[in-house]
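Asker: Next comes the sequence, and after it the predicted model I'd like to discuss.
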Amino acid sequence: MGIFKRLFKIGESEANAAIDKLEDPIKLTEQGIRDLKSDLDKSLQALAEVKAMGIRARNEVKASEAKARDYEEKAVLLLKRAQSGNLDPAEADRLATEALTKKEEALKDVERAKGEQAHFETNVAQLDQNVKKIRSTISKYENELKTLKARVKVSSATKKLNKQMAQIDSSSTVSMLERMKDKVAEDEALAESYGEIANESKTLDDEIDKALEGSGSIKASSDLEALKAKLGMEKKD
Amino acid sequence: MGLFDFFKKKSPEPSYDVTNLSVKDLNKGFILDYDMKSWEVKEVYRYDWGNNNFTDEYKLDSGDDVVYLHVDDDGELELTITRPIKIRKLDEDIIDKTIEMEHPPKKLTYEGIKYYLHTDCAGYFNDVSAGKDDWEELIDWEYYDDEEENILTITQWGEREFDAVVGKVIKEFEISNIIPAN
């Protein structure tokens, strides 16, 4: 293999790999279903056209049958007029023959339209088969799309979970929680030490004050007695 | 799919879901099955009853018969299939009586079925398939029988023009195989 051919191969493989990465299975399946629906729409439109032609053929049968009846009635009327002397018999025969010819033509139209109707009905049956096939394919792919979406959801959730599990190390949440626990313990120890230091650093004055606790209120009550005596509000016993 | 298929001109998306067509999607040229026959939608009409209340009607042709499918989708779907009748078959003097009383009788009998006046409403009519924006004024008197299975409608157009249709109320499932047309 020549060098250019090899280089081209490398480029080709890289391009294919890049396109593969771009392919989203769900989006592509959804687009495929949309394309199938468009095909179904076109097939249904063709089916509608053929069915409409069948309806028109039926209409033609009805109209031609009415025309045939009409010409027959006209022929009868012409012969009756000749019979009653209102029309020349030779002329009546000529016109009645013409009317019957027209009736025959109308009956031929009936046969032709009936043949067309039968032909359209066969076509409708064939097109109906195609439509059913496309409908069933769409339904199959719509169901597969649901499964595909569920599978993608499961795999994405599993991937996320596995990634989280794989990322548990010294730099992750667990080590951070451990660090927090240590910090709290450190704070507690520090608080305890401060408490101990506070207890140990009492002065002599503090000790005296503690021993004399309550003497302030005795002084206050003797001061009150002195004030009352001064104001002549001696205690009455 | 080739890379360059992406640049191909795409036909516009249809307004209906091709896998789930209903009577609400009907349009001119559509085909449907009813009463064991295929029918083609020949004409489409729209009625405006005011307060944003619209109903649609379709002239259906099976080749040997013509009927009118009326679709009223006021939350609940109401469908009727009717055929025109000669109004004087209801009563010889019905037109004069209606003009004089300003409404037709409250009870009517046609082909042995008794009909009772259910509702009357005034509105406007438009032949959508004709593609014109002409709206014609009308008054409708709707009658149903005891079971509300049969319907009779008298319509007044202008001063002295009247017509009548008679038919029956149908269920949505009675219309099937709706096929769109381009």
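Answerer: Happy to help now that I have it.
Asker: Next to chain B in this structure, residues from chain A, please.
Answerer: Residues of chain A found near chain B (CB under 8 Å from any CB of the partner chain) are A:37-38, A:40-41, A:44-45, A:47-49, A:51-52, A:54-59, A:61-62, A:135, A:138-139. C-betas here are computed from N, CA, C, even on glycine.
Asker: Report the buried members of these.
Answerer: Neighbour-count burial (16 or more other CB atoms under 10 Å in any protein chain shown) applied to the residues of chain A next to chain B gives A:37, A:40-41, A:44-45, A:47-49, A:51-52, A:54-59, A:61, A:135, A:138.
Asker: out of those, which are inside strands?
Answerer: Within these, no residue falls in strands by DSSP state E.
Asker: Against residue B:40, how distant is the residue of chain A found nearest chain B?
Answerer: Residue of chain A nearest chain B, by CB to the nearest CB: residue A:58 (2.8 Å). Using CB to CB, to the nearest Å, we find residue A:58 at a distance of 10 Å from residue B:40.
Asker: anything in contact with each of the two?
Answerer: Residues touching both residue A:58 and residue B:40 (CB atoms under 8 Å, 6 or more residues apart in numbering or on different chains): residue B:62.
Asker: Confidence-wise, which helix or strand of chain B is lowest on average?
Answerer: Every helix and strand of chain B was ranked by mean pLDDT, DSSP states H and E. The lowest is helix B:94-101, at a mean of 89.
Asker: Which strands and helices lie in contact with that helix?
Answerer: If you count contacts as 3 or more CB pairs under 8 Å, 6 or more residues apart in numbering or on different chains; DSSP states H and E, helix B:94-101 packs onto strand B:150-157, strand B:161-170.
Asker: In this structure the residue of chain A closest to chain B contacts residue B:63, no?
Answerer: Yes. The criterion here is CB atoms under 8 Å, and residue A:58 meets it with residue B:63 at 2.8 Å.
Asker: low pLDDT regions in chain A?
Answerer: For chain A, the stretches flagged by pLDDT under 70 are A:1, A:22, A:167-172, A:198-199, A:201-202, A:212, A:214-218, A:234-237.
Asker: Tell me where it has helices.
Answerer: A:3-22, A:25-83, A:89-166, A:173-200, A:204-211, A:215-230 (DSSP state H).
Asker: distance between stretch B:41-53 and the chain's centre?
Answerer: 8 Å (CA atoms, centre = their mean, to the nearest Å).
Asker: Go through that stretch and flag the buried ones.
Answerer: Here stretch B:41-53 shows B:41, B:44, B:45, B:46, B:47 as buried, counting by 16+ other CB under 10 Å.
Asker: hang on, the earlier thing: which of the helices of chain A is buried the deepest?
Answerer: helix A:25-83 (a mean of 17; mean count of other CB atoms under 10 Å in any protein chain shown).
Asker: Please report the distance of residue B:88 from chain A.
Answerer: The gap separating residue B:88 from chain A is 25 Å, by CB to the nearest CB, to the nearest Å.
Asker: ok, that residue - how many residues close by?
Answerer: 12 (other CB atoms under 10 Å in any protein chain shown).
Asker: And for residue B:162?
Answerer: Residues near residue B:162, counting by other CB under 10 Å: 19.
Asker: Now do the same contact list for it.
Answerer: Per CB under 8 Å, 6+ apart, neighbours of residue B:162: B:87, B:94, B:95, B:98, B:154, B:155, B:156.
Asker: Check whether the residue in chain B positioned nearest to chain A sits in a helix, strand or coil.
Answerer: In chain B, the residue that lies nearest chain A is residue B:63 (2.8 Å; CB to the nearest CB). Following DSSP: H, G, I helix; E, B strand; the rest coil, the label given to residue B:63 is coil.
Asker: give me phi/psi at it?
Answerer: Note on residue B:63: its backbone torsions stand at phi 100, psi -40 [degrees, to the nearest 10].
Asker: I figured it hits residue A:56, correct?
Answerer: Yes. Shown here, residue B:63 and residue A:56 form a contact pair, counting by CB under 8 Å, at 6.8 Å.
Asker: Low-confidence stretches in chain B?
Answerer: Applying pLDDT under 70 to chain B flags the ranges B:1-12.
Asker: Mind doing that once more with 90?
Answerer: Counting by pLDDT under 90, chain B has low-confidence residues at B:1-20, B:74-75, B:91-93, B:96-97, B:99-102, B:131-133, B:158-160, B:181-182.
Asker: Looking at it, which strand is longest?
Answerer: Chain B, longest strand under DSSP E: strand B:113-127.
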